[in-house]
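> the amino acid sequence is not available; the structure is as follows:
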């Protein structure tokens, strides 16, 4: 019962993948007001069966119930009606649904269920006069440890929330003060051993209350809670075995179980032998199919049953019970797949993972905005090809993840950034890391205009079988990206804003980059260049190098590579044509910077020169590019 309170409050990771604490459910549905509630174990069904060989087997079906508490005349009392949407009721329903799965994973719950089975069997032995047993069955085996502690300290959980209202980038209602709320969940356990004198299991074994208060510093003591009208005296509280409502006088006879159903018990897989066989890669006593689901059942991130050592008992081999466990495990697997699908989608947000993921993934601090924050940049999310995934996997070895979170079952989700590319991976506990999605910023497609000014040119080389391939990316001031390259078939490609460009660039290597701002080079200038027309007859590498050279500053170009605008500026400088520019025949090349006229200085600056770089422009013949080869 004590562990149940811890789980419901979120003090421990939940024992089932995707299960959420009542605190998470309360925040998720905006139930931030004052509420108090209690929860307890119940036995919903109990019977005894007579198995082959006259073996008596008790069976119980257990669950959790919850009730909302309200202030009454004498303290806290059960509310007349408890909403099915109450956070603690929803948690109790989820716990009940997965009860047997949780019992197999959590030692405390498992042994509570065994205690219920033992009590069922004891009730049968006391009530059925036809059962003939030796007196030793009715004698107390030991007096127990009289020095054992019978009290557990109070347990509570508090969370503080500070809400700041923001509108248009400014705080709202600051004069009224900042809204601060504190939520606390209080509970405890009280053993009623001193009050049990010869009574049976229906007497309360534990009692506890869970409460939530919004008032800072308020604490509801356990004495105050139990002292009121929470429950009537000697009524079920923390654990309610409720056996008086079940008739156990006539055990039902079980038919022979399916052949092989008891293979776990028949092969002696108990205690450490069970774990040793389960962990063995070869020679296990279990079938391969059983190994898979048993490992999922006893996931060490969710289960503490390994700590029982030689006292461990494997699951009941009843076929119906095993089918039920496998069904619950399939529900868990469906949750894992939903998590991966969401994580690998464009809807996943790092700062708001959503209810599919553990609540501790979210930051403890946040802003409550007056209006919804504008959506972030749209992302182009896709699954990588096998070739691309292999290249990315190699690149990830030397990169630290920018996002690295783990779920309660040990699954790990990571996000890497390779250049401008975002790579998302998932890794099951003990498994290999796999790339599930590649994301890149995706700008709305715009048609690049010939008049768009180029602000940057970048040359790339990428691996290709055989050899390598070169291409050039031209960025315009309007945010468009133009890719030009020569393909294997000899055709020249010229495309604006192609899909998956960021992914391609992230996997390629930059061989050259130049800023073109202020050079006034337009898309039309590159397309209509005399040099580009000649480059179309060159090999792929020469084509890329030539186009990249067209975006270089004018002082590094030959006359044929200058744009029309640059040629007009060169005329103002006093250097015109092949003879005046390339061969330095113009008189202006013999002048020092201080000797230039104002018009010539302005023209020189437009061509990429300045007082400290005028000599570079004067040495044009030394900087001419190699002649183009066909």
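The structure has been received and is ready for your questions. Bear in mind that the values here come from a model prediction, so they are computed numbers and not experimental data. Numbering: from 1, shown residues only.
> the helices in the stretch 51-200 of the chain, which residues?
Using DSSP state H, counting those that start in this stretch, the helices of the stretch 51-200 of the chain run over residues 87-97, 99-105, 107-127.
> pLDDT of the first one, averaged?
Going back to what we said before, that points to helix 87-97. If you average the pLDDT over helix 87-97, you get 93.
> buried stuff in that helix?
Residues of helix 87-97 classed as buried under the neighbour-count rule (16 or more other Cβ atoms under 10 Å) are 87-92, 94-97. Bear in mind the C-beta positions are built from the backbone N, C-alpha and C, glycine included.
> in JSON lines, list those residues along with distance to residue 16.
Shown next, in JSON lines, are the buried residues of helix 87-97 (distance: Cβ to Cβ, whole Å):
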{"residue": "87", "distance to residue 16": "17"}
{"residue": "88", "distance to residue 16": "17"}
{"residue": "89", "distance to residue 16": "17"}
{"residue": "90", "distance to residue 16": "14"}
{"residue": "91", "distance to residue 16": "11"}
{"residue": "92", "distance to residue 16": "14"}
{"residue": "94", "distance to residue 16": "8"}
{"residue": "95", "distance to residue 16": "9"}
{"residue": "96", "distance to residue 16": "12"}
{"residue": "97", "distance to residue 16": "9"}
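> what's the closest of the helices of the stretch 51-200 of the chain to residue 579?
Nearest to residue 579, of all those, is helix 87-97, at 86.7 Å by Cβ to Cβ.
> report the buried residues of the longest helix along the chain.
In the chain, taking DSSP state H as the definition, the longest helix is helix 319-343. Using 16+ other Cβ under 10 Å as the test for burial, helix 319-343 gives 322, 325, 328-329, 332, 335-336, 339-340, 343.
> tell me who's in contact with the residue nearest to residue 407 when sequence neighbours are not counted.
Once flanking residues are discounted, residue 407 sits nearest to residue 358: 5.8 Å by Cβ to Cβ, 6 or more residues apart in numbering. Residues in contact with residue 358 (Cβ atoms under 8 Å, 6 or more residues apart in numbering) are 13, 405, 407-408.
> how long is stretch 509-522 end to end?
Its first and final residues considered, stretch 509-522 spans 25 Å by Cα to Cα, to the nearest Å.
> what average pLDDT does that stretch get?
Mean predicted lDDT for stretch 509-522 stands at 81.
> contacts for that stretch?
Residues from elsewhere that reach stretch 509-522 (Cβ under 8 Å, 6+ apart): 450-462, 470, 477, 548, 550-554, 563, 565-566, 606, 608.
> residue 38: neighbour count?
24 (other Cβ atoms under 10 Å).
> number of nearby residues for residue 17?
Using other Cβ under 10 Å, residue 17 has 24 neighbouring residues.
> using the three-state scheme, assign it.
Under DSSP: H, G, I helix; E, B strand; the rest coil, residue 17 falls in the coil class.
> strand partners of the helix or strand hosting residue 454, parallel vs antiparallel please.
Residue 454 is part of strand 454-463, with elements assigned from DSSP states H and E. Applying DSSP bridges, strand 454-463 is found paired with strand 468-476 (antiparallel), strand 509-515 (antiparallel).
> next helix or strand past the longest one?
To tie it back to what came earlier, the one meant is strand 468-476. Using DSSP H and E, the helix or strand that directly follows strand 468-476 along the chain is strand 481-486.
> cool, the last one as well?
On the C-terminal side of strand 509-515, the closest following helix or strand by DSSP H and E is helix 523-527.
> mind giving me the packing neighbours of that following helix?
Here helix 523-527 touches strand 454-463, strand 468-476, helix 540-550, going by 3 or more Cβ pairs under 8 Å, 6 or more residues apart in numbering; DSSP states H and E.
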